[in-house]
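Novice: Quick one, structure for this:
(one chain, ligands or ions: 1)
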Amino acid sequence: ETGNFTYDPGFTATASCRSAITYIDGDNGVLLYRGYPIEQLAKHSNFLEVSYLLMHGELPDAKQFSDFEHEVTHHTMIHEALKSFLQGFRHDAHPMAMLAGVISSLSGFYHDGLDIEDPAQRRLAAIRLLAKMPTIAAAAYRYSIGWPMRYPRNNLEYVDRFLHMMFEVPSEPLELPPVAAKALDLLFILHADHEQNASTSTVRLVGSTGANPYACVAAGITALWGPAHGGANEAVLKMLEEIGRPEDVAKAVARAKDKDDSFRLMGFGHRVYKNFDPRATIIRETCHQVLKDLNVDDPLLEVAMRLEEAALKDEYFVQRKLYPNVDFYSGIIYKALGIPTEMFTVMFAIARTAGWVSHWLEQQNDPENKIGRPRQIYTGADSRDYPAKG
Ligand code: SDX
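Specialist: Numbering: from 1, shown residues only. Take a look at the predicted model:
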């Protein structure tokens with residue numbers, strides 16, 4: 001029993017850890033960040049304030065927010081030597097490979113002096129990761145298209161700063177419609193944390209060995225990359241492009257039900273939500289507004305809407321409680337903002353860094369709350385002797 005939340009013994013036995021950060025009720029489509037409903041945070045907050053909330057447990061007052069914003073802003077630069085790490089990749093390497101590699105290499109820049117026994121240094125490491133992730137993500141993108149890296153500008157807010165690092169060119173100032181930063185900030189809020197998803201559990205498992213936070217978050221990035229997890233947003237766009245036309249939706253739904261066909265509807269289903277994903281509901285509404293405000297008429301939106309409509313009426317999906325998840329519509333918004341498909345999961349990683357570092361801090365602050373060493377059910381051979389050489 002903790003507050004209003006009770007768990008049956010079976011659930012408690014399988015839980016990997018205790019956490020006060022995020023609560024999900026998969027049957028009722030509830031998602032709370034430190035007790036605040038995602039719908040209210042989406043409407044009233046911003047990504048940096050939500051990051052503070054996830055890390056510290058309470059919403060900041062005006063001074064706390066201003067101090068936090070100043071700290072994050074003044075840690076956005078990366079060591080100049082890190083740029084050469086990017087040059088070690090082929091230019092067409094997947095940006096998730098570059099992100100995982102460069103974040104892991106931060107261990108070589110900041111870890112040596114890091115005493116993770118010191119709470120102040122743990123918090124500084126978390127701030128560094130939150131601050132540098134967008135800089136490294138944008139630098140990876142610019143490297144992949146042969147553009148020079150753009151340094152972070154301290155006079156911009158978190159999301160605006162990222163968009164400028166992504167798209168600004170030396171020859172002319174970047175003009176972006178306000179809806180772009182607003183939509184991206186909302187997507188970052190919705191992707192910031194999600195309890196013990198595969199990548200967050202990975203961060204906590206690596207953290208339980210005492211590895212440094214940069215190594216932990218690099219492990220989280222690689223776990224997020226998979227198409228069953230954060231890689232789904234990239235896979236959704238590829239699936240919608242493969243379907244191509246609204247009139248071909250029925251064929252895709254039939255394929256997704258065919259056991260002999262490995263085709264699945266990416267962006268549908270969830271390990272926990274066996275009802276609607278509250279984030280998908282929010283993103284769906286925003287998607288229409290963003291495309292309207294940006295005056296973008298993307299035929300893939302029509303394909304997505306027809307696919308959602310068809311799946312929600314189909315017995316196979318209804319019976320298996322397969323609803324659109326957070327990844328189903330996000331890619332359409334990213335595409336409308338000019339973000340290339342291969343950067344979609346990188347966007348997810350930028351946002352989820354807030355959750356990863358918050359879970360790492362929570363774990364490090366409570367030595368008893370470490371994910372233990374997972375056990376297994378052994379299905380191999382009985383004990384047997386090595387055959388005598390004859
Ligand atoms: C994220 O954990 C998190 O919180 C993750 C996340 C976060 O914020 O961190 O929410 C982000 O990762 C969202 C999920 C993104 N992934 C996708 O959209 C990929 C497509 N979805 C599937 O791979 C699948 O639904 C999972 C992996 C997401 C969930 O798997 P489940 O709930 O364990 O479902 P399952 O694999 O056990 O399948 C149950 C049945 C099976 O059929 P039967 O064996 O009962 O006949 O449903 C079928 C599956 O074949 N099924 C699908 C399907 N997903 C499940 N059939 C068609 N299309 C799908 N997408």
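
Novice: dump the residue contacts of F11.
Specialist: By Cβ atoms under 8 Å, 6 or more residues apart in numbering, the contact set of F11 is empty. C-beta: built from backbone N, CA, C; applies to glycine.

Novice: actually F85, sorry about that
Specialist: 101-102, 105.

Novice: for R123, same thing?
Specialist: Per Cβ under 8 Å, 6+ apart, neighbours of R123: 55, 361.

Novice: Would you list the phi and psi of F268?
Specialist: phi -120, psi 150 (degrees, to the nearest 10).

Novice: out of the contacts of F85, which are inside helices?
Specialist: 101-102, 105 (DSSP state H).

Novice: Quick one: which of those residues is the most crowded by neighbours?
Specialist: V102 (26 neighbours; other Cβ atoms under 10 Å).

Novice: okay, that one: pLDDT?
Specialist: V102 is assigned 95 on the pLDDT scale.

Novice: looking at it, it is touching S84, isn't it?
Specialist: No. The criterion here is Cβ atoms under 8 Å, and V102 misses it with S84 at 10.4 Å.

Novice: returning to what we had before: pipe the ones in helices among the contacts of F85 into TSV and attach distance to the ligand per row.
Specialist: Shown next, in TSV, are the ones in helices among the contacts of F85 (distance: Cβ to the nearest ligand atom, whole Å):
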residue	distance to the ligand
G101	22
V102	22
S105	25
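
Novice: Can you find the residue of the protein that comes nearest to the ligand?
Specialist: In the chain, the residue that lies nearest the ligand is G269 (2.2 Å; Cβ to the nearest ligand atom).

Novice: which SSE is the closest residue to that residue other than its chain neighbours in?
Specialist: Nearest in space to G269, with sequence neighbours left out and distances taken as Cβ to Cβ, 6 or more residues apart in numbering, is L322 at 4.4 Å. Here L322 sits in a region with no helix or strand, counting by DSSP states H and E.

Novice: How about the contacts made by L322?
Specialist: L322 neighbours (Cβ under 8 Å, 6+ apart): 265, 268-269, 311, 316.

Novice: Among those, name the ones in helices.
Specialist: Short answer: the contacts of L322 in helices (DSSP H) are 311, 316.

Novice: Buried ones among the contacts of L322?
Specialist: 265, 268-269, 311 (16 or more other Cβ atoms under 10 Å).

Novice: and the helix or strand hosting M55, what other elements does it pack with?
Specialist: With elements taken from DSSP H and E, the one containing M55 is helix 47-56. Applying 3 or more Cβ pairs under 8 Å, 6 or more residues apart in numbering; DSSP states H and E, one finds that helix 47-56 contacts strand 30-33, helix 62-73, helix 119-144, helix 158-167, helix 178-191, helix 344-364.

Novice: How far away from the center of its chain is the fifth one?
Specialist: Relative to its chain's centre, helix 178-191 lies at 13 Å (Cα atoms, centre = their mean, to the nearest Å).

Novice: Extract the C-alpha set from that helix and format it as PDB.
Specialist: What follows is helix 178-191, C-alpha atoms only, in PDB (Å, rounded to 0.1, in the frame of the first residue of the first chain):
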ATOM      1  CA  PRO A 178       6.100  29.600 -33.100                       C
ATOM      2  CA  VAL A 179       4.000  26.400 -33.400                       C
ATOM      3  CA  ALA A 180       7.200  24.500 -34.200                       C
ATOM      4  CA  ALA A 181       8.800  25.000 -30.800                       C
ATOM      5  CA  LYS A 182       5.400  24.600 -29.000                       C
ATOM      6  CA  ALA A 183       4.700  21.300 -30.700                       C
ATOM      7  CA  LEU A 184       8.200  20.000 -30.100                       C
ATOM      8  CA  ASP A 185       8.100  21.000 -26.400                       C
ATOM      9  CA  LEU A 186       4.800  19.100 -26.100                       C
ATOM     10  CA  LEU A 187       6.200  16.000 -27.700                       C
ATOM     11  CA  PHE A 188       9.200  16.200 -25.300                       C
ATOM     12  CA  ILE A 189       6.900  16.400 -22.300                       C
ATOM     13  CA  LEU A 190       4.900  13.400 -23.500                       C
ATOM     14  CA  HIS A 191       8.100  11.300 -24.100                       C
END
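
Novice: Good, we can wrap up now.
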